[in-house]
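Visitor: Provided below are the primary sequence and the corresponding predicted coordinates.
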Amino acid sequence: MNKNSNTYQILYAAVMVLLVGTVLAFIYMALKPKQNENIANDTRRQILSALHIVSPNDSQVKETYEKYVIQDLLVDKEGNVVDSSQNVAFEVDMKKNVKLAERQLPVMKCKLDDGSVKYVLPVYGAGLWGPIWGYIAVNDDGNTIYGANFSHEGETPGLGARITEQSFQDEFKDKHLFLDGEFKSVAVLKKGQKATNGAEQIDALTGATITSRGVSDMMADCLAPYETFLKKLQGNVLAESESNNVNQPE
């Protein structure tokens, strides 16, 4: 075949495209399990951070996560557990979940070294330039925030991207989700502003009003469906406290 002919050049190009495509597909398939594990480990680190647990090295992330996260749950709007199979909460895709009319409500039940129990709830929303997400750890009183972790896809460095800073996340610790028995998610507002519903609040990040509002809206939107579940936790704590008081000797 004439190597200078159009037919030869077309066939040559087609064969090279096929070969390169095959090699790239093989590499992608070979690396995909490792990529998926890296993504999973990054998620585990974020959940551990919400529990104030320092992220271990790559080889220990999964082991550490499984040490503290003792049970995965899916609950319904009535606060009932509908599924408790392994990793059922961890594997919920929050990006898709928040778009559903009937959302899944994943809960990760955790037990810390001091024996205290926390419940981690995932949240997902929108910032200025793209999606933001996070994990909120709630004490077993069903009301007090123990810790928070936030992340983002493309917020502005030095501005909206500061939602990942520990100093901002620590502002949520010890804030309450209920006031006088009514669910009122923590608001993120400009300094001097007051939440119209009387909710507890923290100051917005300077120069990042839209991202800060996104965090506030994300928490309100994603945590509200857990209201009954959280109230059941509050009821359990109250019942346990009353039982302990009855059993105490005079």
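Guide: Good, I have the coordinates. Numbers count the residues shown, from 1 in each chain.

Visitor: I'd like the distance between the nearest residue to residue 56 once chain neighbours are set aside and residue 74.
Guide: Spatial nearest neighbour of residue 56, excluding adjacent residues (Cβ to Cβ, 6 or more residues apart in numbering): residue 64 at 4.8 Å. (Glycine included, C-beta is placed from N, CA and C.) Plainly put, residue 64 is 23 Å away from residue 74 if you go by Cβ to Cβ, to the nearest Å.

Visitor: now residue 161: closest residue in space that isn't a chain neighbour?
Guide: residue 155 (4.4 Å).

Visitor: sorry, that was for residue 190
Guide: Residue 190's closest residue in space is residue 204 (Cβ to Cβ, 6+ apart), at 5.1 Å.

Visitor: dump the residue contacts of the one you found.
Guide: Residues near residue 204 by Cβ atoms under 8 Å, 6 or more residues apart in numbering: 188, 189, 190, 191, 212, 213.

Visitor: again, but for residue 97
Guide: 103, 104, 106, 124.

Visitor: can you put these in TSV and add pLDDT and neighbour count?
Guide: Formatted as TSV, those follow (pLDDT from 0 to 100; neighbours: other Cβ atoms under 10 Å):
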residue	pLDDT	neighbour count
103	94	17
104	96	18
106	98	21
124	98	19
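
Visitor: for those residues, give me JSON lines that also has distance to residue 198 and secondary structure.
Guide: Conversion of the contacts of residue 97 to JSON lines gives the following (distance: Cβ to Cβ, whole Å; DSSP: H, G, I helix; E, B strand; the rest coil):
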{"residue": "103", "distance to residue 198": "26", "secondary structure": "coil"}
{"residue": "104", "distance to residue 198": "30", "secondary structure": "coil"}
{"residue": "106", "distance to residue 198": "29", "secondary structure": "strand"}
{"residue": "124", "distance to residue 198": "26", "secondary structure": "strand"}
